[in-house]
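> this is the structure alone, sequence omitted:
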Ligand code: ZN
């Protein structure tokens, strides 16, 4: 280093100050809504809360970096759920998903809500698992959120 680093700006979000908006339907089905809470370019991270109606799910994706979540409400079936070798978690629950975790279908059997911090992008892939459908980096997440804010 040749000069002092610039301190990172602190920030907070009161959740009720944001409206729920539709999460892109190319990446989810069943009416999932989200609120983007933060992006940290210096970490490549982004943080969001998701509202997931009963029967909704996220399309197949890889976590290119790790993520931590807090399921505040409902139930989430990850990596196929407990019946398929994955996990089924009931709120309130904390979880850690490792780098390169593959989530074929993250499914919500009942009305659910969770917060998650993503360190690095989400790579959405087609059902066959090969072709990239979308790479959701911190800046892509921010652009999608800002576009939804009219
Ligand atoms: Zn996932």
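Perfect, I can see it now. A quick note: this is a predicted structure, and the numbers were derived from the prediction, not measured.

> contact partners for the most centrally placed residue in the chain?
When the chain is reduced to its mean C-alpha position, the nearest residue by Cα atoms, centre = their mean turns out to be residue 116, at 5.6 Å. With Cβ atoms under 8 Å, 6 or more residues apart in numbering as the criterion, the residues that contact residue 116 are 47, 48, 49, 50, 67, 68, 69, 70. Using the backbone N, CA and C atoms, a C-beta is placed for each residue, glycine as well.

> the strand or helix carrying the second one packs against which elements?
When elements are assigned from DSSP states H and E, residue 48 belongs to strand 45-52. Contacting strand 45-52 under the criterion 3 or more Cβ pairs under 8 Å, 6 or more residues apart in numbering; DSSP states H and E are the following elements: strand 33-40, strand 112-119, helix 138-148.

> so after the lowest-mean-pLDDT helix or strand in the chain, what's the next helix or strand?
With mean pLDDT, DSSP states H and E as the measure, the helix or strand of the chain carrying the lowest mean pLDDT is strand 102-103 (a mean of 90). Toward the C-terminus, strand 102-103 is succeeded by strand 106-108 as the next helix or strand (DSSP H and E).

> that following strand: how far from the chain's middle?
Averaging C-alpha positions (Cα atoms, centre = their mean, to the nearest Å) puts strand 106-108 12 Å from its chain's average.

> would you mark the buried spots in it?
Buried residues in strand 106-108, defined by neighbour count with 16 or more other Cβ atoms under 10 Å: 106, 107, 108.

> where does this protein dip in pLDDT?
Across the chain, the stretches falling below the confidence threshold (pLDDT under 70) are 129.

> go again using 90 as the cut-off
The chain contains residues with pLDDT under 90 at 1-9, 79-81, 83-86, 104-105, 126-130, 150.
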